[in-house]
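1. Below are the sequence and a predicted model; questions follow.
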Amino acid sequence: MNPDLGIPRWLIAIQVIVSAAVGAIAHLYVSNIFLSVLSFILAFSVVYVLIGFIYLQFFKKER
């Protein structure tokens with residue numbers, strides 16, 4: 001994560017926890033091992049980025 005963005009550590013922790021949980025849920029629903037790993041990576045990445053974007057869009061103060 002780029003430190004210039006100023007995202008607090010508590011939000012990074014929430015990003016990782018929520019992303020891992022969603023990725024694990026996606027991993028459980030797919031039976032093919034390749035698609036299972038791919039779904040985990042995709043779900044983790046999308047949720048992680050979305051939480052960061054939402055924070056930067058709505059809660060980040062202008063410099």
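-> Cool, the structure landed.

2. Tell me the gap between the helix or strand harbouring Val18 and the middle of its chain.
-> Secondary structure assigned from DSSP states H and E places Val18 in helix 9-29. The chain centroid and the centroid of helix 9-29 are separated by 6 Å under CA atoms, centre = their mean, to the nearest Å.

3. Leu38: what's it in contact with?
-> When contacts are counted by CB atoms under 8 Å, 6 or more residues apart in numbering, Leu38 touches no other residue. (Each C-beta comes from the backbone N, C-alpha and C, glycine too.)

4. How far does the host helix or strand of it sit from its chain's centre?
-> Secondary structure assigned from DSSP H and E places Leu38 in helix 33-58. Distance of helix 33-58 from the chain centroid (CA atoms, centre = their mean) equals 4 Å.

5. Between helix 9-29 and that helix, find me the angle.
-> 150 degrees (axes from the mean of the first three to the mean of the last three CA atoms, to 10 degrees).

6. okay, Val49: pLDDT?
-> Here the pLDDT value assigned to Val49 is 90.

7. measure it to Ser36 for me?
-> Val49 sits 21 Å away from Ser36, taking CB to CB, to the nearest Å as the criterion.

8. In terms of packing, which of those two has more residues around it?
-> For Val49 versus Ser36, the count of surrounding residues by other CB atoms under 10 Å is larger for Ser36: 15 against 12.

9. if I read this right, that one contacts Val30, doesn't it?
-> Yes - under the criterion of CB atoms under 8 Å, Ser36 lies in contact with Val30, with a separation of 4.3 Å.

10. Other residues contacting the helix holding Val18?
-> Outside of helix 9-29, the residues within contact range by CB under 8 Å, 6+ apart are 1, 36-37, 39-45, 47-48, 51-52, 55.

11. what about that helix, average pLDDT?
-> Mean pLDDT, taken over the full extent of helix 9-29, equals 86.

12. In the contacts of helix 9-29, find the pair that's most separated.
-> Across the contacts of helix 9-29, the two members that end up farthest from each other (CB to CB) are Ser36 and Tyr55, 29.2 Å apart.
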